[in-house]
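Undergrad: Sequence and predicted structure below; questions after.
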Amino acid sequence: MHFELISHDKSSKARAGLLHTDHGVIETPIFMPVGTGGSVKGVHQKELSEDIHAQIILGNTYHLFLRPGTEIIEKAGGLHKFISWDRPMLTDSGGYQVYSLSGSRKINEEGVKFQSHIDGSYHFFTPERAIEIQRSIGADIIMAFDECTPYPCDYNYAKKSMQMTHRWLHRCFEAFNATESKYGYNQSLFPIVQGSTYKDLRTESAETIASFGAEGNAIGGLSVGEPEDELYEMTEHVCAILPSDKPRYLMGVGTPKNLLECIALGIDMFDCVMPSRNARHGMLFTENGTINIKNEKWATDFSPIDSESPVWVDQVYSKAYLRHLIKTGENLGIQIATIHNLSFYLRLMKEAREKIKLGEFSPWKEKMVKQLSQRL
C-alpha cells in the first residue's frame, strides 16, 4: 500500500490524495460506510458500488469474530469473497468494543476479557489475538488493538491507558510482522493515537505512533461525547505531528459538518455509523440541511426526496412515501433512507476533493457548513 498526495488547499490543511491498495485505489478524502457484521445495514453490495459509490467499507472484528466466526470466513476465502466485495476493506481491532462494553469486560496488561452480547459467553482479546483474527478476516487495512477512553476521562487514567495502548502496539506489530496475509494480497497495519482531550498526552501518543513508520495512522478516542471545539483542537494538534506523507484516519467521525471541518485540518479518512443509523430513524442529510422525515410536514409532500441528488431512489420516491414507509416500519423505507444518506456522504467527499484540486475548498467549506447545520 502507498499514499500519493496530489493536491493541497491554499488556505487550509486540506489535501487530496490516492491511497493505493491491492483491491483498488481509494480517492481521499474519503468516507467509509460501516458494515459491522459483513453487511452495511439496508443496502446490497451492488447498491454500495453503483449508487453510493463506496470505494472502501468497514468490517467489525468483534462482531465478525462472534458471528459468523473466523473459521467460516477462512473457508470462504476471506471476508471479501464471503460478502462478494472486490474493493478495499478496513477492519477495526475490537478496541472500540472495549469502550462500549464497559459493563461486561475487564482490562489488564495482557488484554481484555469480555462477555458476548449474543449469548453471554466469555472471550479474551489480546493484541496478538486481534491481529490473528484480522489476518483471518483479510481486510486491506487492519487496526492495532487499543483502549478507547471515555469522555470525560481522569488525566491519570487517560495516561495509563495511553501507555498501555502503546505497549499493546509493540505487540501488535510483532504479531503482524511474524505472520503473513492468508489470501495472497497485502495488508497494512495502522496504529491509533490516544490520549483523551489532554494535549500533552496527545503529543506523546502522536509522536510514539509516528515513530513506528506505519503505512497510515489513525486518531482514536474522539467523538465520544466531547464538545466539538475539543474534537477539532485535538485533531488539529495531532495532524501537525503525524507524518504528512501518510494517510490520517479519524475514527468514528461524524456529521457532514464534522467531516468538512476535519478535512480542513488535514484528515484523509473517516468512518461513522451516523448516516446509516440515522437513516433507520428517519433522519436524512441533504446539502441544504437535515430532514426528520417523520415530521407531519412531510406527510403530503410529494416532491422527490432530494431533487439535487443524482441517485435514482431520491428521484423516484417522494418525501411523503418515504415518511409512510418509515412510520410504518417497512424495510424498504430503511433501505431508501440509507442509500440516500450514504450516497450524500460520498458525494460530499467527492465535491471536497474537487474543490481542493481547484483551490476553492475553504470558501466552499464555509458555505457548506452553514447550509449543513440547518434543520429543514
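TA: Received the coordinates, thanks. Numbering: from 1, shown residues only.
Undergrad: Return the distance of the residue of the chain most remote from its centre relative to D314.
TA: Taking Cα atoms, centre = their mean as the measure, the residue most remote from the mean C-alpha position of the chain is T300, 35.7 Å away. T300 sits 19 Å away from D314, taking Cβ to Cβ, to the nearest Å as the criterion. C-beta here means a position set from N, CA and C on the backbone, and glycine is covered the same way.
Undergrad: Next: S11.
TA: Following Cβ to Cβ, the distance that separates S11 from D314 is 33 Å.
Undergrad: So those two - more neighbours on which side?
TA: When neighbours are counted by other Cβ atoms under 10 Å, S11 and D314 differ, and D314 comes out ahead with 22 against 12.
Undergrad: Please pull up the helix or strand immediately following the longest helix along the chain.
TA: Across the chain, the helix with the greatest residue count (assigned by DSSP state H) is helix 331-358. Under the assignment DSSP states H and E, the closest C-terminal helix or strand after helix 331-358 is helix 361-372.
Undergrad: For the residue farthest from the centre of the chain, pull up the helix or strand it's in.
TA: Counting by DSSP H and E, T300 is part of no helix or strand.
Undergrad: Quick one: neighbours of the closest residue to it other than its chain neighbours, just the number.
TA: Residue nearest to T300 in three dimensions, not counting chain neighbours: A320, with 5.8 Å by Cβ to Cβ, 6 or more residues apart in numbering. A320: 16 surrounding residues under other Cβ under 10 Å.
Undergrad: again with A158
TA: 24.
Undergrad: What strand or helix carries L64?
TA: Element membership of L64 [criterion: DSSP H and E] is helix 61-66.
Undergrad: List the neighbours of that helix that are in contact with it.
TA: Residues outside helix 61-66 that contact it (Cβ atoms under 8 Å, 6 or more residues apart in numbering) are 36-38, 70, 73, 79, 91-94, 96-97, 116, 118, 123, 125, 130, 133-134, 137, 143.
Undergrad: buried stuff in that helix?
TA: By neighbour count, and taking 16 or more other Cβ atoms under 10 Å as the criterion, the buried residues in helix 61-66 are T61, Y62, H63, L64, F65, L66.
Undergrad: Let me know the pLDDT of the residue nearest the centre of the chain.
TA: Nearest to the mean C-alpha position of the chain, counting by Cα atoms, centre = their mean, stands D271 at 1.7 Å. Looking at D271, its pLDDT is 97.
Undergrad: Tell me if I'm right that D51 and Q315 touch.
TA: No: counting by Cβ atoms under 8 Å, Q315 is not a contact partner of D51; they are 11.6 Å apart.
Undergrad: who's more crowded, these two?
TA: Neighbour count, other Cβ under 10 Å: between D51 and Q315, D51 has more, with 20 against 12.
Undergrad: got a list of what that one touches?
TA: For D51, the contact set (Cβ under 8 Å, 6+ apart) comprises V311, W312, V313, I339, S343.
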